[in-house]
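K.L.:
Take a look and give me a structure for this.
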Amino acid sequence: MTQTVKLYLDEFPEEEDEIEIHYAPVSSITSVQYYDQSGTLTTFSTDNYWTNLIESPPEICLKQSKIWPVTELERPNAVIVTFVAGYGAASAVPAAAKLAIVEYARSIWNNCEGRTEQYNRLMSSLQWTGYHEVC
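P.N.:
Numbering: from 1, shown residues only. Just a heads-up that it's a prediction; the model follows:
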């Protein structure tokens, strides 16, 4: 019910103090790594940031007077945020989410497009943000 996910960014945020993780629910941040100016993969110390996993979207926030490091120039995917996402246990998954999955599968089995009125009602009842995914 959980999975380790990697978020790749070309660079750290320039003007914002936080990295938004457009995925939820997130239970923990494993690491924030980056390729420094010499191309060496380096781990950004947890002493430099807070995690706010309750926020929607979850985010990594710089601590006061800390700055994001400079990454290798023009390197794609220079920043790698590794995190654990998911509900942890089947019992923690909201009942409406389980029913929505069943409804979606039933609809596809019956040669429909998958997003029936019942499915949409169930998903709406969850009050999820755009960052929650059924995966």
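K.L.:
can you point me to the longest helix in this protein?
P.N.:
In the chain, with assignment by DSSP state H, the single longest helix is helix 95-109.
K.L.:
What is the subsequent helix or strand relative to it?
P.N.:
Using DSSP states H and E, the helix or strand that follows helix 95-109 in sequence is helix 117-126.
K.L.:
hmm, back to that, next, the angle from the longest helix of the chain to helix 117-126.
P.N.:
When axes from the mean of the first three to the mean of the last three Cα atoms, to 10 degrees is applied, the directions of helix 95-109 and helix 117-126 differ by 160 degrees.
K.L.:
pLDDT averaged over helix 95-109, what's the number?
P.N.:
Taken as a whole, helix 95-109 carries a mean pLDDT of 81.
K.L.:
got it, and stretch 28-38?
P.N.:
The model assigns stretch 28-38 a mean pLDDT of 98.
K.L.:
Nearest residue to the middle of the protein?
P.N.:
Centrality entry for the chain: nearest residue to the mean C-alpha point is residue 23, 2.8 Å, by Cα atoms, centre = their mean.
K.L.:
In this structure it contacts residue 85, no?
P.N.:
Yes - with contact defined as Cβ atoms under 8 Å, residue 23 reaches residue 85; the gap is 5.6 Å. For glycine as for every other residue, the C-beta is placed from the backbone atoms N, C-alpha and C.
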